[in-house]
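S.K.: Any chance you could fold what I've pasted below:
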Amino acid sequence: SNVSENLLLGGALRYENYPEYGNTLDGKIAARLQVGLNLAIRGAVSTGFRVPTAGQANLRNVTTEFNMGFLADIATLPPTNPIAQQKGAKALTPEESVNTTLGVVFDVGGVDVTVDYYRIEIEDRISLTSRFNLTPVEASGIDVVATWPFEMGGGLSNLTFAGNWQSVDLTKFNPDFTSDKRRLQIEQGRPDSRFTLTWTHSQGRWRLMARARYYGEYYDAPTNNGSVAFYPDPSMVFDAEIGVDATNSLSLQFGVQNAFDEYPSTNPNGEVAGLVYPEQSPFSFNGGFYYLRAAYRME
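M.R.: Modelled structure (predicted):
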């Protein structure tokens with residue numbers, strides 16, 4: 001609701017009951033303050049609650065992997081499995097989280113910009129570990145989005161930049177239950193930064209799109225013990241698309257993803273792991289992908 005001409009406040013509450021996990025009450029408080037003609041400050045605090053999924057609570061899987069140079073059977077078992085309980089496993093508990101965001105919104109010369117800082121604290125995160133829920137996990141980062149609409153060649157163009165910098169910390173963990181490999185997968189298994197620059201243009205029946213995607217460094221460990229882990233190099237991938245409204249009902253698009261056939265870094269020890277490319281690559285290791293799409297609207 002509008003508390004004043006420049007201050008907007010909002011809130012929400014949600015109550016849920018889970019037969020196996022009990023009751024939960026979560027909420028959110030948000031505010032937006034207009035401090036000038038082209039500047040606003042916004043923020044929010046909320047709580048979250050997530051129960052284990054059926055798959056997380058009941059997954060059973062056995063694979064054969066290399067461990068210290070030898071083949072070994074690796075079992076993933078639910079904590080209710082008798083074998084897991086012999087090793088000290090306990091039933092999974094729900095995740096609980098506190099989410100905080102603070103940001104600014106402003107306009108500079110026709111460019112709309114948003115900059116937001118976020119912090120997420122998760123208790124009892126559910127993940128693959130030796131025996132238990134993980135202990136507290138903290139994720140924080142900055143999101144930046146800038147949009148510039150403009151006219152070009154008799155049509156309308158839009159240039160959008162979206163960037164993310166993030167950090168994940170497993171704040172407390174027991175090395176007897178969480179291996180170094182698993183800890184690094186959680187903390188560094190995703191690119192530490194991602195940037196996307198997208199240009200779109202529409203003119204009459206025609207539409208154009210060009211996009212550049214940047215992925216920063218991340219951790220990849222293809223073997224069970226992490227002995228041949230490595231950090232793939234940052235990558236840049238380009239996409240493009242052209243579309244046309246052939247009729248009032250029929251539209252056609254032709255495009256390419258990864259136009260310059262970029263591949264992820266190869267693992268220098270790939271012959272040991274049996275994997276040339278990273279398991280966790282943020283883009284495909286199949287090279288360029290071309291597509292033709294048609295859509296027909298019935299009237």
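S.K.: now the helices for the chain?
M.R.: Assigned helices in the chain, in chain order: 54-58, 82-86, 180-188, 270-273 (criterion: DSSP state H).
S.K.: Is it possible to get JSON lines of those helices that adds mean neighbour count?
M.R.: Every C-beta, even on glycine, is put in place using the N, C-alpha and C of the backbone. As requested, the helices of the chain are arranged in JSON lines below (neighbours: other Cβ atoms under 10 Å):
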{"stretch": "helix 54-58", "mean neighbour count": "12"}
{"stretch": "helix 82-86", "mean neighbour count": "12"}
{"stretch": "helix 180-188", "mean neighbour count": "18"}
{"stretch": "helix 270-273", "mean neighbour count": "14"}
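S.K.: Dump those to a markdown table, plus distance to Trp165.
M.R.: Compiled in a markdown table, the helices of the chain are given as follows (distance: least, Cβ to Cβ, whole Å):
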| stretch | distance to Trp165 |
| --- | --- |
| helix 54-58 | 29 |
| helix 82-86 | 37 |
| helix 180-188 | 13 |
| helix 270-273 | 29 |
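S.K.: Output these as a markdown table; include the columns distance to Tyr231 and mean pLDDT.
M.R.: Shown next, in a markdown table, are the helices of the chain (distance: least, Cβ to Cβ, whole Å; pLDDT from 0 to 100):
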| stretch | distance to Tyr231 | mean pLDDT |
| --- | --- | --- |
| helix 54-58 | 28 | 73 |
| helix 82-86 | 32 | 77 |
| helix 180-188 | 8 | 76 |
| helix 270-273 | 14 | 69 |
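S.K.: Out of the ones you listed, the one nearest Leu71 is which?
M.R.: helix 270-273 (12.7 Å; Cβ to Cβ).
S.K.: what's in contact with stretch 26-33?
M.R.: 6-14, 16, 40-49 (Cβ atoms under 8 Å, 6 or more residues apart in numbering).
S.K.: can we see that at 10 Å?
M.R.: For stretch 26-33, contacts defined as Cβ atoms under 10 Å, 6 or more residues apart in numbering pick out 2-4, 6-16, 39-49, 96-97, 99, 101, 103, 105.
S.K.: Can you give me the buried ones in that stretch?
M.R.: Arg32 (16 or more other Cβ atoms under 10 Å).
S.K.: so where's this structure uncertain?
M.R.: 66-69, 127-135, 171-179, 223-227, 272-273 (pLDDT under 70).
S.K.: just to revisit the earlier point, buried subset of the contacts of stretch 26-33?
M.R.: 8, 40, 42-44, 46, 48-49, 96-97, 99, 101, 103, 105.
S.K.: which of those lies closest to Arg182?
M.R.: Closest to Arg182, out of all of the buried ones among the contacts of stretch 26-33 and judged by Cβ to Cβ, is Ser97, at 20.0 Å.
S.K.: so the closest one touches Val137, yeah?
M.R.: Yes - between Ser97 and Val137 there is a contact at 9.0 Å, judged by Cβ atoms under 10 Å.
S.K.: Between those two, which contacts overlap?
M.R.: Ile120, Glu121, Ile122, Glu123, Asp124, Arg125.
S.K.: What count of nearby residues applies to the second one?
M.R.: The local packing count at Glu121 equals 17, with neighbours defined by other Cβ atoms under 10 Å.
S.K.: Excluding residues flanking it in the chain, which one is nearest it?
M.R.: Val98 (4.8 Å; Cβ to Cβ, 6 or more residues apart in numbering).
S.K.: Show me what the one you found is bridged to.
M.R.: Counting by DSSP bridges, Val98 forms beta bridges with Thr47, Glu121.
S.K.: so what's it up against?
M.R.: Counted by Cβ under 10 Å, 6+ apart, Val98 has contacts Val45, Ser46, Thr47, Gly48, Arg119, Ile120, Glu121, Ile122, Glu123, Glu138.
S.K.: List phi and psi for the residue nearest the centre of the chain.
M.R.: By Cα atoms, centre = their mean, the mean C-alpha position of the chain lies nearest to Arg190, the distance being 8.0 Å. Here is the backbone geometry of Arg190 (degrees, to the nearest 10): phi -120, psi 150.
S.K.: Can you get me a residue count around the nearest residue to it once chain neighbours are set aside?
M.R.: Excluding its sequence neighbours, the residue lying closest to Arg190 (Cβ to Cβ, 6+ apart) is Tyr218, at 5.7 Å. Burial of Tyr218 is recorded as 20 neighbouring residues (other Cβ under 10 Å).
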